[in-house]
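Novice: Next comes the sequence, and after it the predicted model I'd like to discuss.
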Amino acid sequence: MKEKAIELLKYKNKTVPIFSLPSTQLLGISVNELISSAEMQVKGMQAIAEKCSVGASLNMMDLSVEAEAFGAKIRFYDDDIPAVEKGIIDDITDAESITVPDIGAGRTQICIDGVKKAKEKITDIPVFCGVIGPYSLAGRLFDMTELMMECFDSPDEVKILLSKATEFIIKYIKAFKAVGADGVIMAEPAAGLLSPSLADEFSMPFVNEIFNAVDDDNFIICYHNCGNAAEDMLDMIAELNADIIHLGNAINLKKTLEKLPKDKIVMGNINPVLFRTGTPDDIKTDVQRVFDECGMFENFMISTGCDVPAASKWENIEAYFEKVNELYA
């Protein structure tokens with residue numbers, strides 16, 4: 001296990017949730033303002049690092065950034081993360097004609113600059129970048145439902161699209177590394193919609209190609225999959241060249257920990273929806289549940305099952321950190 005990963009495990013009270021968008025409440029800005037400004041992203045990361053007992057700082061989990069760089073049409077919101085409105089191809093046979101964009105296209109440079117500046121401001125904990133996974137990006141460039149069907153009908157063309165997504169993601173992560181990022185959290189949620197055999201062919205090889213291309217002893221690699229099919233993919237997930245496996249609340253995390261290697265950190269899986277819809281007691285109850293089921297595993301760390309919504313109640317966020325600190329005090 002890498003030294004930086006070991007350092008994370010030493011301080012389990014400093015939880016590492018996927019947690020960035022609620023910083024808008026601390027800054028008094030909209031989500032759209034946050035995602036459109038490197039300065040705002042840095043201020044948001046600083047605000048969270050100062051107010052909350054986090055073990056690492058994450059720039060953002062905005063899964064529209066890479067698709068926008070390719071030219072996809074994006075719909076923006078003031079109170080939520082952007083969504084891909086339309087991809088860039090209507091037929092999988094058009095994948096060959098796609099040009100892989102340069103780094104800096106769309107909002108990618110904003111995110112890179114944000115991490116660079118965050119490394120100058122946040123010096124006591126690791127700074128992670130967030131990127132999308134290859135299959136999830138391919139679905140946004142084409143169409144998620146159509147892509148799944150084409151895995152059966154046109155597998156070679158699907159792999160061309162995946163190869164171009166992979167090429168871009170590698171360049172993107174390397175750009176983050178170049179400005180000092182300590183690690184990456186790759187979100188590949190769409191792979192959780194696939195059967196194990198399809199995931200083995202159309203997601204995992206490309207994910208590992210990315211991880212192998214950016215891996216080194218000083219860079220933490222985290223794989224995030226919040227799909228309910230992740231539980232059926234554990235043999236493949238275990239083989240990934242990842243230091244951290246981050247999983248959602250749709251699965252039984254205890255059974256997952258029993259199957260995954262002990263030399264990988266496993267994080268999860270507090271229901272993120274509770275932060276917006278629940279009460280502080282709901283949050284504390286869920287944290288206690290996960291701790292009771294998984295706290296005995298040395299390689300386990302409590303985290304959220306996915307991104308904490310921007311509109312979360314701050315008292316629920318505080319309840320989460322209070323409960324984790326109480327359990328590991």
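Specialist: Arrived safely. Numbers count the residues shown, from 1 in each chain.
Novice: residues in contact with M148?
Specialist: Taking CB atoms under 8 Å, 6 or more residues apart in numbering, we find M148 in contact with L193, L194, L198. Yep, even glycine has a C-beta here, placed from its N, CA and C like the rest.
Novice: Please produce a PyMOL select command covering the buried subset of the residues you listed.
Specialist: Selection of buried members from the contacts of M148 for PyMOL, criterion 16 or more other CB atoms under 10 Å:
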select buried, resi 193+194+198
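Novice: Mind jotting down where the helices sit in the stretch 51-200 of the chain?
Specialist: For the stretch 51-200 of the chain, the helices defined by DSSP state H, counting those that start in this stretch occupy 65-70, 108-121, 134-141, 144-153, 155-178, 196-202.
Novice: got those as TSV, with mean pLDDT and distance to K254 columns?
Specialist: Formatted as TSV, these follow (pLDDT from 0 to 100; distance: least, CB to CB, whole Å):
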stretch	mean pLDDT	distance to K254
helix 65-70	98	33
helix 108-121	98	34
helix 134-141	98	26
helix 144-153	96	30
helix 155-178	98	31
helix 196-202	96	20
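Novice: Can you tell me which of these is most buried?
Specialist: A comparison of these by mean neighbour count, using mean count of other CB atoms under 10 Å, puts helix 134-141 on top with a mean of 28.
Novice: Spatially nearest residue to the spatially most central residue of the chain (excluding sequence neighbours)?
Specialist: Nearest to the geometric centre of the chain sits A187, at 3.8 Å (CA atoms, centre = their mean). Closest residue to A187 apart from its sequence neighbours, by CB to CB, 6 or more residues apart in numbering: H224 at 4.6 Å.
Novice: so the one you found is in which element?
Specialist: strand 220-225 (DSSP states H and E).
Novice: what's the answer for P205, then?
Specialist: Assigned by DSSP H and E, P205 belongs to helix 204-214.
Novice: List the buried residues of that helix.
Specialist: M204, F206, V207, N208, E209, I210, F211, V214.
Novice: Kindly report the same for stretch 305-317.
Specialist: Going by neighbour count (16+ other CB under 10 Å), the buried part of stretch 305-317 is G305, C306, D307, V308, P309, A310, S312, K313, N316, I317.
Novice: how far does that stretch sit from the chain's center?
Specialist: On the basis of CA atoms, centre = their mean, to the nearest Å, stretch 305-317 sits 15 Å off its chain's mean C-alpha point.
Novice: any idea how far the nearest residue to P22 once chain neighbours are set aside is from P17?
Specialist: Taking CB to CB, 6+ apart, and ignoring the residues beside it in sequence, P22 has S312 as its nearest neighbour in space, at 5.1 Å. Remark: distance between S312 and P17 (CB to CB, to the nearest Å) = 11 Å.
Novice: Please apply the same query to Y320.
Specialist: The spacing between Y320 and P17, counted by CB to CB, is 7 Å.
Novice: Okay, strands next: where are they in this protein?
Specialist: Ranges of strands in the chain, per DSSP state E, are 57-58, 73-75, 83-86, 127-132, 183-187, 220-225, 244-247, 265-270, 300-304.
Novice: re the thing from before, so which residues lie in contact with the strand holding H224, not counting its own?
Specialist: With CB under 8 Å, 6+ apart as the test, strand 220-225 has contacts from 2, 4-5, 8, 18, 126, 128, 182-189, 191-192, 207, 211, 214-215, 233, 237, 240-248, 267, 306.
Novice: make it 7 Å
Specialist: Outside strand 220-225, the residues within contact range by CB atoms under 7 Å, 6 or more residues apart in numbering are 2, 4-5, 126, 182-189, 191-192, 207, 211, 215, 237, 240-247.
Novice: pLDDT (mean, whole number) over that strand?
Specialist: When pLDDT is averaged over strand 220-225, the result is 97.
Novice: got a list of what the residue nearest to P22 touches?
Specialist: Residues in contact with S312 (CB under 7 Å, 6+ apart) are P22, F275, R276.
Novice: which among those gets closest to F168?
Specialist: Using CB to CB, P22 is the member of the contacts of S312 that lies nearest F168, at 28.7 Å.
Novice: contacting residues around L247?
Specialist: N225, C226, A230, L253, T256, G268, N269.
Novice: distance of the fifth one from S163?
Specialist: The one in question is T256. Using CB to CB, T256 is found at 30 Å from S163.
Novice: How about the second one?
Specialist: Shown here: C226 relative to S163, a distance of 25 Å by CB to CB.
Novice: same deal with the first one?
Specialist: Distance check for N225 against S163: by CB to CB, it reads 21 Å.
Novice: next one: the fourth one
Specialist: Distance of L253 to S163, given as CB to CB: 33 Å.
Novice: give me every residue that touches the closest residue to I48 other than its chain neighbours.
Specialist: Ranked by CB to CB, 6+ apart and with sequence neighbours excluded, the top spatial neighbour of I48 is S23, at 5.2 Å. Residues near S23 by CB under 7 Å, 6+ apart: L34, G44, A47, I48.
Novice: Which of these has the largest number of neighbours?
Specialist: G44 (27 neighbours; other CB atoms under 10 Å).
Novice: All good on my end, thank you.
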